[in-house]
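Visitor: Starting from these lines, generate the structure:
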Amino acid sequence: MMRKTSVILLSAATGAALMLFVTQPRAVFMGSSARAATADTYRQLNLFGDVFERVRSDYVEKPDDTKLIESAISGMLTGLDPHSSYMDAKSFRDMQVQTRGEFGGLGIEVTMEDGLIKVVSPIDDTPASRAGVMANDIITNLDDEAVQGLTLNQAVEKMRGPVNTKIKLKIIRKGQDNPIDVTLVRDNIRVRSVRARVEADDIAYIRITTFNEQTTEGLKREVANLSNQIGDKLKGYVIDLRNNPGGLLEEAVTVSDSFLEKGEIVSTRGRNAEETQRRTAHSGDLTKGKPIIVLVNGGSASASEIVAGALQDHKRATIVGTRSFGKGSVQTIIPLGSGNGALRLTTARYYTPSGKSIQAKGIVPDIEVLQDVPDELKSRTDTKGEASLRGHLKNDGDEKTGSQSYVPPDAKDDKALKLADDLLHGIKNSASAAPTPGGDNKATTDKPKAAN
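Guide: Next up is the predicted model:
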């Protein structure tokens, strides 16, 4: 019997989408050591059963059996790594809705850190972004209820809800002495994952904010629109992946394929050698060979890193900005049957075309650009990165913890975008703009101490 599963490439934040594949059951041949291990496992399961029955019979109040089981499953999965978890039936449905790019909520990508909710980034043009919620904000209370003790999925569920209903957030922000209370009105969040504009009259600027089911089609539409607007004077493309927390593996592959004529895009490698999969590009470059600059920073994670890594390894684009987040793992969504939710389980690592794993290291830009940060924001403009997450998958060699994630709200103050413009106009070239020899882009890891 074959079991259908769904593969996603999750960011450090919530939200992803689905790609179906089929796995064959494995034949099991057990030697004496394997039988001994199995016997020990059954003894441990008996221990779990004993504890479960004792809680059911002796706890001060009658517990809900379903909640007990779900909590036990959640504890098992969250103990593996920061990205494995259990989704109950409602959370599973909500995730499927979100992957389609439309849901009722606030418009923030979040993760769990030390039992509290941390904002990875607000989604453009949503209640959260309009209210001034910022990356690295810590949410401690939802409608006066403490977040401590909730799972990430439970907290996300509380933040979602019917359109036009209110929710109050209590936020701790570095640099602020007192907590900030913000009341938001839930809206129908249509995640427009691709936005574009003409930059400097002859450059096509395209910002990709997340990778959902609409991303590749949105990219194709915007490339065609900008190409028609600018015409023959088009100098090239700026693809802005800054603070993009990731999403669909499939969309990362097809977005990369849009700029490549051939070659490997990404490989995924599981625990067993036979599970290795390689994704390759098909002929047909949407940009017809025009120069491309890709912007990344400490908030660029997961699917964003696949795109940046593929274009960098094929020398199809120049990567500008700061070191990316460093999430190099793939999660599989495994449905557990009608009404039982699903597992989100880390099942593979991914590798760039050159065979590099970016897990806990990130994509190092070809040209590092640090933004000028206002004094009042300096304590909260770095993202710690995958390497700082408790229980993260380890990588060989020196792991790197985070880099600057600040993007100036006004384009005229955006040093990375300015450099991209200069590169495409020929005012600077990659060699002259790169760090001096011996610099080795160290500024991306030598963060201000307040951000550690």
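Visitor: Hmm, Ala131 is touching Val182, no?
Guide: Yes - here Ala131 reaches Val182: they are 5.3 Å apart, a contact under CB atoms under 8 Å. C-betas here are computed from N, CA, C, even on glycine.
Visitor: where are the low-confidence patches of the stretch 251-400 of the chain?
Guide: 381 (pLDDT under 70).
Visitor: Would you map the helices across it?
Guide: Counting by DSSP state H, counting those that start in this stretch, the stretch 251-400 of the chain has these helices, from start to end: 303-313.
Visitor: do the same with the stretch 1-150 of the chain
Guide: Applying DSSP H, counting those that start in this stretch to the stretch 1-150 of the chain gives helices spanning 32-58, 65-78, 89-99, 127-130.
Visitor: Tell me the buried residues in the third one?
Guide: For helix 89-99, the buried set under the neighbour-count rule, 16 or more other CB atoms under 10 Å, comprises 91-92, 94-96, 98-99.
Visitor: nearest to Pro408, of those?
Guide: The nearest member of the buried residues of helix 89-99 to Pro408, counting by CB to CB, is Gln98 at 28.6 Å.
Visitor: Quick one, grab the pLDDT at the closest one.
Guide: Gln98 is assigned 69 on the pLDDT scale.
Visitor: Ok, Phe103 next?
Guide: 80.
Visitor: Quick check: bridge partners of it?
Guide: Ile189 (DSSP bridges).
Visitor: burial measure for it, as a count.
Guide: 20 (other CB atoms under 10 Å).
Visitor: From Gly161, how far out is it?
Guide: 10 Å (CB to CB, to the nearest Å).
Visitor: would you turn the buried residues of helix 89-99 into JSON lines with distance to Glu386?
Guide: Formatted as JSON lines, the buried residues of helix 89-99 follow (distance: CB to CB, whole Å):
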{"residue": "Ser91", "distance to Glu386": "23"}
{"residue": "Phe92", "distance to Glu386": "25"}
{"residue": "Asp94", "distance to Glu386": "24"}
{"residue": "Met95", "distance to Glu386": "21"}
{"residue": "Gln96", "distance to Glu386": "26"}
{"residue": "Gln98", "distance to Glu386": "22"}
{"residue": "Thr99", "distance to Glu386": "22"}
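Visitor: Ala155 is in contact with Val147, isn't it?
Guide: Yes - using CB under 8 Å, Ala155 is in contact with Val147, at 5.6 Å.
Visitor: Mutual contacts of the two, please.
Guide: Residues touching both Ala155 and Val147 (CB atoms under 8 Å, 6 or more residues apart in numbering): 117, 139.
Visitor: Spatially nearest residue to Ile180, not counting backbone neighbours?
Guide: Once flanking residues are discounted, Ile180 sits nearest to Ile171: 4.5 Å by CB to CB, 6 or more residues apart in numbering.
Visitor: contacting residues for the one you found?
Guide: 133, 137-140, 179-182 are the contacts of Ile171 under CB under 8 Å, 6+ apart.
Visitor: If you drop the residues flanking it in sequence, what lies closest to Gln197?
Guide: Careful, residue 197 is Arg; it's not Gln. Tyr205 (5.3 Å).
Visitor: And the contacts of whichever strand or helix holds the one you found?
Guide: Tyr205 belongs to strand 203-208 when assigned by DSSP states H and E. Identification of contacts with strand 203-208 by CB under 8 Å, 6+ apart yields 124, 193-199, 215, 219, 222-223, 226-227, 230, 234-241, 244, 255, 304, 417, 420-421, 424-425.
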